[in-house]
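Engineer: Structure for the following, please:
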Amino acid sequence: MTRREFLDWIRGAEADFPVGSWKVRGIHAWPLIRLSLSSATFHSGSPSHSLSAGWRRLGLNVARGLGAWASATVTDRSANRSASDHADAVFLGSSIGRRPLLDGKRYDIRSGPYVELLERCGLRTLVWEMSPFGDYNAPRHTPSFYVQPQLIALRAACQILPPGDDQVSLERFDDFRARVAAAGLRFAHADVDRIRRDLMFLRRLADRFSGWLRRSGARIGFVANTGLPEQAFCLACRELGIVSVEVQHGVQGDLHPSYGSWYAVPPEGWNVRARVFWSWDDESAAAINRWASCAPGRHVAIVGGDPWREMWMGGENPASRRTDELIRDRKRASGGQRHILVSLSSQGDVIPADLMEVVRQSPPDWRYWFRLHPVNQMDRGREAAHVVRAAGLDPELMAFATETPLHALLLEMDAHLSVSLSTVLAEAAAFGVPSVAVGREAADFYAAETGAGLLAVATTPAEIVAALRRALTEPRPSPAPPPARAPATMARLLAGDLHG
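Structural biologist: Have a look, this model is predicted:
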């Protein structure tokens with residue numbers, strides 16, 4: 001099932017079932033159910049870290065994560081914050097994979113640029129940092145409070161405590177499950193008990209967040225994803241009258257199940273989704289505003305640009321100049337004449353066999369810079385290093401490409417190859433770097449990049465090599481850099497201007 005077909009199916013289900021009124025504990029259940037169905041259909045996330053992974057694997061994950069937490073708390077203690085330090089703005093961040101190194105410290109690209117914008121306005125900020133895969137990126141560029149142990153304890157408690165009278169309102173849910181099964185779809189939240197326990201966790205976590213937010217004095221909160229903790233954060237903000245903002249962190253648009261086509265939104269809006277969506281571009285914002293307009297005043301998308309990208313576009317950042325020189329040194333050491341960045345996926349084979357065949361069919365002076373996807377990077381990185389080493393390639397180049405700031409890499413690359421629907425396709429186009437995508441749906445997701453001649457879709461190794469050859473030899477378009485929107489957008493938010 002393609003994403004377009006999935007969203008068509010979802011639209012039909014939303015028209016036939018009262019999903020907007022489905023609640024448990026007074027919390028809207030449809031966002032949890034719909035996102036769960038989407039995740040299962042397109043195999044997103046990390047199965048080895050989900051509740052279905054089994055108690056033994058989950059126990060190992062917890063033990064490893066707590067060990068990493070203890071180590072990071074001690075060794076990077078100067079960057080530790082408390083949960084309720086005074087702050088005007090609070091970020092629920094997430095440490096996933098190896099963050100880029102900036103002046104010797106690990107930089108969180110999802111919160112760091114926004115923290116800097118706020119601090120320039122004289123505001124105090126606080127980051128609550130999750131580490132769902134046990135990744136503790138120390139030393140931290142931005143100080144934070146490590147929240148993951150609290151999430152683990154609360155999640156475990158909600159698996160064993162009795163749900164009690166949680167006011168389950170799931171009218172015709174059995175009929176909905178039958179339709180899901182008839183469509184050949186499966187998802188964890190077909191089990192009502194799973195819904196009840198997850199929403200108990202969401203409720204208790206929102207209460208925990210509410211207490212910290214009250215003591216901090218925050219008046220605005222930021223998230224960068226749609227998971228259960230982010231939903232709990234948005235619920236806490238809503239109940240406290242704090243503006244919640246979800247900042248874009250990847251590809252969006254009409255075909256993204258998390259952001260496109262949420263037309264069943266109730267008049268009061270979804271109480272577990274953000275009040276404001278900070279979008280990078282007009283297209284991403286428009287996809288959200290098409291459904292947000294069904295509940296005026298409850299949700300809105302604003303075009304704020306990408307402050308992380310804006311940090312690199314001008315080339316005036318001292319850190320960017322130092323990073324550029326490190327990349328050039330690596331290029332010279334590789335001995336290659338053409339350099340191609342490869343964005344790997346979080347699903348399937350960590351390095352597909354067809355991709356290694358592309359490398360074998362390529363001219364000897366091409367160099368491939370493999371970049372790991374951040375999800376479950378620790379486990380998949382070991383496997384990828386084994387594959388790369390067995391092929392006679394340099395695993396250290398992969399490690400370097402993975403933890404070097406993406407935009408700095410793109411400035412030095414001749415082309416980009418994505419094995420899925422990576423957001424790097426849009427990032428590369430912004431820098432005028434041509435891409436080849438293996439995913440057949442890429443042309444739908446990235447119509448503007450395709451129309452600009454900066455994206456081609458290929459499937460077989462021979463087609464991929466041919467497409468890369470064209471990308472490396474044909475004249476390259478020079479797109480005008482987008483205007484720097486982030487500072488003005490942050491000023492608007494702080495002034496209470498929440499119009500799209």
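
Engineer: From Asn271, how far out is Ser95?
Structural biologist: 27 Å (Cβ to Cβ, to the nearest Å). All C-beta atoms are positioned from the backbone trio N, CA, C, and that covers glycine.

Engineer: more crowded one of these two?
Structural biologist: Legend: neighbour count by other Cβ atoms under 10 Å for Ser95 and Asn271, higher for Ser95 (26 against 18).

Engineer: what sits against the more buried one?
Structural biologist: The contact partners of Ser95, by Cβ atoms under 8 Å, 6 or more residues apart in numbering, come to 108, 129-131, 135-137.

Engineer: Kindly reformat these as CSV containing pLDDT, distance to Asp166 and neighbour count.
Structural biologist: Below are the contacts of Ser95 laid out as CSV (pLDDT from 0 to 100; distance: Cβ to Cβ, whole Å; neighbours: other Cβ atoms under 10 Å):
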residue, pLDDT, distance to Asp166, neighbour count
Asp108, 94, 35, 26
Glu129, 97, 30, 24
Met130, 96, 25, 21
Ser131, 94, 29, 22
Asp135, 89, 33, 22
Tyr136, 93, 34, 21
Asn137, 92, 37, 23
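
Engineer: Now Glu357: which helix or strand?
Structural biologist: Taking DSSP states H and E as the criterion, Glu357 maps to helix 353-361.

Engineer: Domains in the protein, by residue range?
Structural biologist: 3-309, 315-473 (automatic domain parsing).

Engineer: And the strands in the stretch 51-200 of the chain?
Structural biologist: If DSSP state E, counting those that start in this stretch is used as the criterion, the strands of the stretch 51-200 of the chain fall at 89-94, 101-102, 105-106, 125-130, 145-146.

Engineer: Out of those strands, which one sits most buried?
Structural biologist: strand 89-94 (a mean of 28; mean count of other Cβ atoms under 10 Å).

Engineer: Which one of the contacts of Ser95 is nearest to Gly26?
Structural biologist: Met130 (24.8 Å; Cβ to Cβ).

Engineer: picking up where we left off before, now the helix holding Glu357, how far from the chain's geometric center?
Structural biologist: 28 Å (Cα atoms, centre = their mean, to the nearest Å).

Engineer: Also stretch 96-115?
Structural biologist: Computed by Cα atoms, centre = their mean, the chain-centroid distance of stretch 96-115 equals 14 Å.

Engineer: mind checking the end-to-end distance for it?
Structural biologist: Stretch 96-115 has its terminal residues 18 Å apart, counting by Cα to Cα, to the nearest Å.

Engineer: mind listing what's buried in it?
Structural biologist: Under the neighbour-count criterion of 16 or more other Cβ atoms under 10 Å, stretch 96-115 has 96-102, 105-115 buried.

Engineer: Quick one: residues in contact with it.
Structural biologist: With Cβ under 8 Å, 6+ apart as the criterion, stretch 96-115 contacts 91, 93-95, 125, 127, 129, 132-133, 135, 137-142, 144, 222, 224, 247, 249, 307-308, 310-311, 319, 322-323, 372-375, 377, 402-406, 486, 490.

Engineer: Likewise for stretch 313-328?
Structural biologist: 102-103, 311-312, 404-405, 407-409, 411-412, 430, 481, 484.

Engineer: how does it look with 7 Å?
Structural biologist: By Cβ atoms under 7 Å, 6 or more residues apart in numbering, the list of residues contacting stretch 313-328 from outside reads 102-103, 311-312, 404-405, 408-409, 411-412, 481.

Engineer: circling back: want to throw the contacts of Ser95 into a markdown table with distance to Asp349?
Structural biologist: Formatted as a markdown table, the contacts of Ser95 follow (distance: Cβ to Cβ, whole Å):
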| residue | distance to Asp349 |
| --- | --- |
| Asp108 | 29 |
| Glu129 | 31 |
| Met130 | 27 |
| Ser131 | 26 |
| Asp135 | 22 |
| Tyr136 | 27 |
| Asn137 | 26 |
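
Engineer: which one of those is nearest Glu171?
Structural biologist: Nearest to Glu171 out of the contacts of Ser95 is Met130 (Cβ to Cβ; 33.5 Å).

Engineer: secondary structure element for Tyr368?
Structural biologist: Applying DSSP H and E, one finds Tyr368 within strand 366-371.

Engineer: can you give me how far that strand is from the chain middle?
Structural biologist: So, by Cα atoms, centre = their mean, the centroid of strand 366-371 is 23 Å from its chain's centroid.

Engineer: could you say what helices and strands that strand packs with?
Structural biologist: On a contact count with 3 or more Cβ pairs under 7 Å, 6 or more residues apart in numbering; DSSP states H and E, strand 366-371 meets strand 338-343, helix 395-403.

Engineer: Residue nearest the middle of the protein, spatially speaking?
Structural biologist: The centroid of the chain falls nearest to His249 when counting by Cα atoms, centre = their mean (4.8 Å).

Engineer: need the contact list for that residue.
Structural biologist: Applying Cβ under 7 Å, 6+ apart, we find His249 in contact with 110, 224-225.

Engineer: same thing but at 10 Å, please
Structural biologist: The contact partners of His249, by Cβ atoms under 10 Å, 6 or more residues apart in numbering, come to 94, 96, 109-110, 223-226, 278, 280, 306, 308, 423.

Engineer: Direction included, what does the helix-or-strand element of the chain with minimal mean pLDDT pair up with?
Structural biologist: Every helix and strand of the chain was ranked by mean pLDDT, DSSP states H and E. The lowest is strand 101-102, at a mean of 82. According to DSSP bridges, strand 101-102 forms sheet pairs with strand 105-106 (antiparallel).
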